[in-house]
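Undergrad: sharing a sequence plus its predicted fold:
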Amino acid sequence: MKREVSYLSSLVAAAITHLLMKYLDENPIGTVTGPDASFQCFEDDATKIRRPDVAFLSRGRLPASQLERGHVTVAPDLVIEVISPNDSFFEVNKKIQEYVRAGVRLIWIVDPENLTVSVHRSDRTVTEITLTDEISGEDVLPGFLCRASGFFQPVEILKS
């Protein structure tokens, strides 16, 4: 089945990328990428490739040889998946489990339809964030703090 994408999901991913880039301008601790970056870091399946909507990788973790070509073979520190219209609960949960097993420390599952963010950690704890709550970068992005409504600003623009 072909994955259905949405303009809204893309806008939300871009808004999050923008917020992270602003944070990294002031705190140059790593890099953020969009959905074109591919990660092949899954020990249980050496051929598996994932392309998260947004990913953050701490400075010094990426071998210089991987800057120019190929899939990144180290797990990102933060993965952000923005739910699209045909993403099933099963598929999203499977990705979360794969990312945790690969060593991703923090995973944000962003739902533009319900305006929520599920924060998944490597210790398998989960926190649900709503519009009025703040989302923290925890120890992955120290000092990053943003009201979740900032992630969903494009939703409000489209509604007006």
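TA: Noted; the coordinates are in hand.
Undergrad: okay, CA-based contacts and neighbour counts for the rest of this
TA: Will do.
Undergrad: any idea which helix or strand in the protein has the lowest mean pLDDT?
TA: Among the helices and strands of the chain, helix 153-159 carries the lowest confidence by mean pLDDT, DSSP states H and E, at a mean of 73.
Undergrad: who does that one touch, helix- and strand-wise?
TA: Counting contacts by 3 or more C-alpha pairs under 8 Å, 6 or more residues apart in numbering; DSSP states H and E, helix 153-159 is packed against helix 7-26.
Undergrad: now the least confident helix or strand of the chain, how far from the chain's geometric center?
TA: Taking C-alpha atoms, centre = their mean, to the nearest Å, one finds helix 153-159 lying 20 Å from the centre of the chain it belongs to.
Undergrad: got the contact list for it?
TA: With C-alpha atoms under 8 Å, 6 or more residues apart in numbering as the contact definition, helix 153-159 has outside contacts at 8, 11-12, 15, 112.
Undergrad: can you redo those as TSV with distance to His120, neighbour count and pLDDT?
TA: TSV is the format used below for the contacts of helix 153-159 (distance: C-alpha to C-alpha, whole Å; neighbours: other C-alpha atoms under 10 Å; pLDDT from 0 to 100):
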residue	distance to His120	neighbour count	pLDDT
Leu8	23	19	87
Leu11	22	18	92
Val12	19	23	94
Ala15	20	17	95
Pro112	17	22	93
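Undergrad: any chance of those in JSON lines, with distance to Ser118 too?
TA: Formatted as JSON lines, the contacts of helix 153-159 follow (distance: C-alpha to C-alpha, whole Å):
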{"residue": "Leu8", "distance to Ser118": "18"}
{"residue": "Leu11", "distance to Ser118": "18"}
{"residue": "Val12", "distance to Ser118": "15"}
{"residue": "Ala15", "distance to Ser118": "17"}
{"residue": "Pro112", "distance to Ser118": "12"}
